[in-house]
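**Student:** The sequence and its predicted three-dimensional model are supplied below.
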Amino acid sequence: MSSFKAFDIAGSGMAAQSVRLNTTASNLANADSVSGTAAGVYKPRHPIFEAVRAQLATTGTSQPQPAVRVRGIYESTAPASQRYEPGNPLADANGYVFAPAVNVVEEMVNMISASRSYQNNVEVMNTSKDLLLATLRLGQG
């Protein structure tokens with residue numbers, strides 16, 4: 001494996017964690033939003049990651065590099081919570097509004113985890129850079 005592939009792998013991890021941070025931020029930003037119908041309420045979003053493995057056999061064509069890829073972003077199917085707020089302008093005829101099924105504590109834990117994973121990938125890149133520079137300095141002595 002080339003020493004430069006570590007940068008590609010860590011870069012793909014950083015890109016994936018960036019998507020995770022963005023979807024989590026979106027979920028937190030919409031946690032207090034309400035709608036007049038259950039169908040119109042914000043649905044929390046979560047990315048699905050996929051590990052891409054390098055092929056061991058050489059095929060003569062360009063091989064997929066080991067990486068992390070975002071396969072897609074799915075919307076939660078959890079039901080919206082119903083709150084009685086007759087004074088709310090979005091309330092239905094019975095006085096209820098619908099709030100998204102966003103668990104703020106769970107989203108904060110997800111954000112901390114994504115942030116730490118991103119930081120770990122940055123450390124991998126920095127360590128790889130230091131090792132490459134040390135290898136280059138071997139010939140100077």
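**Tutor:** Right, received. Where do you want to start?

**Student:** Identify each buried residue in the longest helix along the chain, please.
**Tutor:** Using DSSP state H, we find that the single longest helix of the chain is helix 104-138. For helix 104-138, a neighbour-count test (16 or more other Cβ atoms under 10 Å) marks Glu107, Asn110, Met111, Ala114, Ser117, Tyr118, Asn121, Val124, Met125, Ser128 as buried. In this view, the C-beta of every residue, glycine as well, is placed from N, C-alpha and C.

**Student:** need the contact list for the spatially closest residue to Ser128 that is not a sequence neighbour.
**Tutor:** Leaving aside its chain neighbours, Ser128 sits nearest to Ala6 (4.2 Å; criterion: Cβ to Cβ, 6 or more residues apart in numbering). Contact analysis of Ala6 by Cβ atoms under 8 Å, 6 or more residues apart in numbering lists Val124, Met125, Ser128.

**Student:** From the chain's centre, how far out is the longest helix of the chain? Work that out for me.
**Tutor:** In terms of Cα atoms, centre = their mean, to the nearest Å, the centre of helix 104-138 is found 15 Å from the chain centre.

**Student:** what helices or strands is that helix leaning on?
**Tutor:** On a contact count with 3 or more Cβ pairs under 8 Å, 6 or more residues apart in numbering; DSSP states H and E, helix 104-138 meets helix 5-29.
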